[in-house]
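>>> Starting from these lines, generate the structure:
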Amino acid sequence: MKKLVAYITSGYPEKSFSIDLALALGSNGVDTLELGVPFSDPVADGPLIEKANHLSLDNGFKFAHLKEISEAIAPSIDTLWMGYFNSFYQQDMKKLIPYAKGIGVNGLIIPDLPHEEALLYADLFKENNISNISFVAPTDGEDRIKEVVQNAQKFIYMVAYTGITGSGVAENLQPFLKDIKKYTKTPVYVGFGVNVKTAKDKVLGADGVIVGSAFIDVLLRENLSYAQKIKECSELANIIKNEINS
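Take a look at the predicted model:
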């Protein structure tokens with residue numbers, strides 16, 4: 001069974017909604033939830049996620065809200081924190097990682113933390129049995145891929161194309177996937193540009209997909225009530241989960 005990871009922006013449109021949405025997604029095909037930490041300059045994210053980040057911050061998002069959401073959902077769904085390194089660094093990594101593990105968060109996804117710098121925290125993650133998700137991109141050479149994936153934990157985030165999230169750019173990922181799988185047995189999940197139309201093609205040869213902008217697009221629709229947003233996101237999750245396993 002191929003896996004579905006869903007990204008949502010924490011605290012958008014509000015904290016209680018994030019909790020309700022996360023739990024609903026967990027009941028509708030989502031295997032792992034990426035709780036996005038709103039940041040003022042989310043450089044790896046497309047315009048939809050960037051807009052949700054700014055709106056959440058405008059609504060008063062604090063890191064404490066991420067903790068409260070996580071405490072509420074982590075017992076029910078595999079939960080990861082996705083954010084930019086400054087957000088975590090300001091919390092003191094030596095305190096934050098044990099805390100995250102204590103409430104049931106299973107890993108972090110930090111797109112702007114280079115592999116070499118991530119190694120500085122490898123012992124901290126290992127001691128707390130929490131994953132720091134590794135990224136690989138089509139621009140990486142074979143030696144680089146081997147280095148990055150050899151100790152990868154939980155899953156490898158495979159960037160489906162060079163750019164930012166939210167685009168449906170088509171490309172042949174098979175040669176890249178083969179290069180990755182030569183050096184690891186860790187599952188490989190495809191992210192960036194995954195939606196209803198692209199999921200079936202993107203997952204070929206991979207072990208799962210990561211979907212963000214497709215869910216955020218629903219959350220940004222001002223004509224929908226909270227209940228309608230949760231319903232549409234749940235239906236979307238079910239469709240994508242079926243697509244990648246059909």
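>>> Which of the three states applies to the nearest residue to F63 once chain neighbours are set aside?
Distances taken as Cβ to Cβ, 6 or more residues apart in numbering put Q91 closest to F63, at 6.1 Å, once the chain neighbours are dropped. Every C-beta, even on glycine, is put in place using the N, C-alpha and C of the backbone. Following DSSP: H, G, I helix; E, B strand; the rest coil, Q91 is assigned to coil.
>>> what about Q91, distance to H54?
Separation of Q91 from H54 (Cβ to Cβ, to the nearest Å): 21 Å.
>>> cool, L236 as well?
Taking Cβ to Cβ, one finds L236 at 23 Å from H54.
>>> Comparing the two, which shows the higher neighbour count?
Taking other Cβ atoms under 10 Å, L236 and H54 do not tie; L236 has more neighbours (21 against 17).
>>> What backbone torsions are found at that one?
Phi and psi for L236, reported as degrees, to the nearest 10, are phi -60, psi -40.
>>> how about the lowest-mean-pLDDT helix or strand in the chain: buried residues?
Across the helices and strands of the chain, mean pLDDT, DSSP states H and E gives its lowest value to helix 174-181, namely a mean of 90. By neighbour count with 16 or more other Cβ atoms under 10 Å, helix 174-181 contains the buried residues 176-177, 179-181.
>>> now swap in stretch 217-226 and tell me
217-220.
>>> Name the residues that touch it?
8-9, 12-13, 17, 20-21, 48, 51-52, 229, 232-233, 236 (Cβ atoms under 8 Å, 6 or more residues apart in numbering).
>>> Give me the residue at the spatial middle of the chain.
In the chain, the residue lying closest to the centroid (Cα atoms, centre = their mean) is E34, at 4.0 Å.
>>> Now do the phi/psi pair for the closest residue to V30 other than its chain neighbours.
Once flanking residues are discounted, V30 sits nearest to A6: 4.5 Å by Cβ to Cβ, 6+ apart. With angles defined as degrees, to the nearest 10, A6 sits at phi -110, psi 140.
>>> surely A6 meets G208?
No. Using Cβ atoms under 8 Å, A6 makes no contact with G208, being 11.0 Å away.
>>> can you pull out the helices in the protein?
Assigned by DSSP state H, the helices in the chain fall at 15-26, 47-58, 63-73, 85-89, 93-103, 115-118, 122-127, 142-149, 174-181, 199-202, 213-219, 226-244.
>>> what is the orientation angle of the third one with helix 47-58?
Right, the one you point to is helix 63-73. Angle between the axes of helix 63-73 and helix 47-58 is 110 degrees (criterion: axes from the mean of the first three to the mean of the last three Cα atoms, to 10 degrees).
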